[in-house]
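# below is the sequence, then the predicted model.
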Number of protein chains: 2
Amino acid sequence: MGLHEFYKVEYLDEILFLDAFGKNLKRLRKERGLTQEQLAIDLDMEISQVSRIERGIINTSIGNVNAIAKVLKIEHKELFNFSD
Amino acid sequence: MGLHEFYKVEYLDEILFLDAFGKNLKRLRKERGLTQEQLAIDLDMEISQVSRIERGIINTSIGNVNAIAKVLKIEHKELFNFSD
DNA sequence: AATCTAATAGGCATATTTGCCTATATTTAT
DNA sequence: ATAAATATAGGCAAATATGCCTATTAGATT
């Protein structure tokens, strides 16, 4: 079905953003040949959280953005570098 | 006194990051002649939250990063563009 | 097909953020 | 110096993220 079935219209922009952010993270992770489990270990985070972030169902923190950038050895901006 | 007086060493990197992020946001906001109150209104957020974010005492969400970038009419990466 | 690996899903308790509120402090303008 | 505007501070309840756990599904390999 893709994305969420129900949502408040006011938050649609955020939902789309979280979805795009997650897809981008998944792409960057796979490009480096990492599994969700390995990324979770490196981040000292639960694998279920990594999964939730990549699926765009949670609104994670900028602290995690910082940690992810460090682990993936990329700049913060790369995590936000997606057309939509 | 600057920053926090007590913290767990493991989280020092995150504390420094949140502090830098907040200072950068404050700079970007002032450059555009906005008060915390006006920014809060535009973001549909509490002024106390804007204050907490700028002071680096909370770890806000990527959804707010997205909203802030939109309101300030800047790219996401600008919010992370600080030396340290 | 069977097995192994990776990812998704969700429940529940805890931690953290956020909204709402009031009060105080700091800065700016008169 | 006084007043007005702006920012900081913190308490409390509600909302949300996270950790920990188990189970299920999807994908890859043999």
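Yep, that arrived. None of these values were measured; they are calculated from a predicted model. Numbering: from 1, shown residues only, chains lettered A, B, ... in the order given.
# which elements pack onto the longest helix along chain A?
In chain A, with assignment by DSSP state H, the single longest helix is helix A:12-31. The contact analysis (3 or more C-beta pairs under 8 Å, 6 or more residues apart in numbering or on different chains; DSSP states H and E) places helix A:12-31 against helix A:47-54, helix A:62-72, helix B:62-71. C-betas here are computed from N, CA, C, even on glycine.
# what about 10 Å?
If contacts are counted by 3 or more C-beta pairs under 10 Å, 6 or more residues apart in numbering or on different chains; DSSP states H and E, helix A:12-31 sits against helix A:36-43, helix A:47-54, helix A:62-72, helix B:62-71.
# what's the angle between the longest one and helix A:12-31?
Angle, helix A:62-72 to helix A:12-31, by axes from the mean of the first three to the mean of the last three C-alpha atoms, to 10 degrees: 20 degrees.
# please report how far A:Lys30 lies from A:Leu72.
11 Å (C-beta to C-beta, to the nearest Å).
# nearest to A:Phe17, of the helices and strands packed on helix A:12-31?
Closest to A:Phe17 of the helices and strands packed on helix A:12-31, according to C-beta to C-beta: helix B:62-71, at 4.6 Å.
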